[in-house]
Structure formats: structure tokens, C-alpha cells
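Q: need the 3D shape of this:
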Amino acid sequence: MTDPSDLEGWARKLSEALDLGDFEPDIALILDLARDAAHGVARPAAPLTTFLVGYAAGRAGGSADDIAALSRTASALAVGDTAP
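A: Presented below is the predicted three-dimensional model:
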């Protein structure tokens, strides 16, 4: 099992390398989204889904609320719900 601090450290390191400033991703939200895509669609859908949600969130403004709303939409679609 992955230690949460490993993911937090990786997120900080990658965010710095990508010049994202002080952005702190909601790791649990991202992992839940990836899980829903992997189990509801197919395993390869997990990285594709998280990338597309991130891209859409960036286009929408990139706020935490944008990310959460788009993640709910994608998760609902992945698990077969019609409304997030």
C-alpha cells in the first residue's frame, strides 16, 4: 500500500517542477476519480480520465471548485450515474 506522505511529497515535487506555484491537489479526490474510472470503465481509463478532468478544469479557470465539480461529473459518468 502506498503511504499517503509519499503521494503528498510527489505532488509537491511535481507541482514545483511544473511551476504550479502553491497549488495543493486534492489527492483523495483524484484517487477516487481514478478508481471510479478504472472500475467503471477500464483500468486505462483512470489516467485518461484524470488528465481530461484536469484539462477541463484548467479551461474552466482551475479553481478547487472547478476541479471538484468536473470530477463529480466524470465519476458519475464512469459509474453509470446520469447526474453527478
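Q: residue 58: neighbour count?
A: Residues contacting residue 58 under the criterion other Cβ atoms under 10 Å number 11. In short, each C-beta sits where N, CA and C put it, glycine included.
Q: helix/strand/coil for it?
A: The local conformation at residue 58, judged by DSSP: H, G, I helix; E, B strand; the rest coil, is helix.
Q: repeat that for residue 62.
A: On the three-state scheme (three-state DSSP), residue 62 is labelled coil.
Q: give me the phi and psi for it.
A: phi 80, psi 10 (degrees, to the nearest 10).
Q: and it, what pLDDT?
A: Note on residue 62: pLDDT of 92.
Q: and the gap between it and residue 71?
A: Here the criterion is Cβ to Cβ, to the nearest Å. By it, residue 62 lies 13 Å from residue 71.
Q: can you tell me which residues contact the residue nearest to the spatial centre of the chain?
A: Closest residue to the average C-alpha location of the chain: residue 30 at 3.1 Å, with Cα atoms, centre = their mean. Applying Cβ atoms under 8 Å, 6 or more residues apart in numbering to residue 30 gives the contacts 50, 71.
Q: buried stuff in the host helix or strand of it?
A: According to DSSP states H and E, residue 30 maps onto helix 27-40. Under the neighbour-count criterion of 16 or more other Cβ atoms under 10 Å, helix 27-40 has 29, 30, 33, 34, 36, 37, 38, 40 buried.
Q: so which of the residues you listed is the closest to residue 10?
A: residue 30 (11.8 Å; Cβ to Cβ).
Q: circling back to that earlier point, from the buried residues of helix 27-40, which is closest to residue 18?
A: residue 30 (14.8 Å).
Q: so where's this protein shaky on pLDDT?
A: For the chain, applying pLDDT under 70 flags the ranges 1, 82-84.
Q: helices along that one, start to end?
A: 4-17, 27-40, 45-60, 64-79 (DSSP state H).
Q: for the third one, packing partners?
A: Packing contacts for helix 45-60, counted by 3 or more Cβ pairs under 8 Å, 6 or more residues apart in numbering; DSSP states H and E, involve helix 27-40, helix 64-79.
Q: would you reformat these as CSV and include distance to residue 58?
A: CSV is the format used below for the helices and strands packed on helix 45-60 (distance: least, Cβ to Cβ, whole Å):
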stretch, distance to residue 58
helix 27-40, 14
helix 64-79, 8
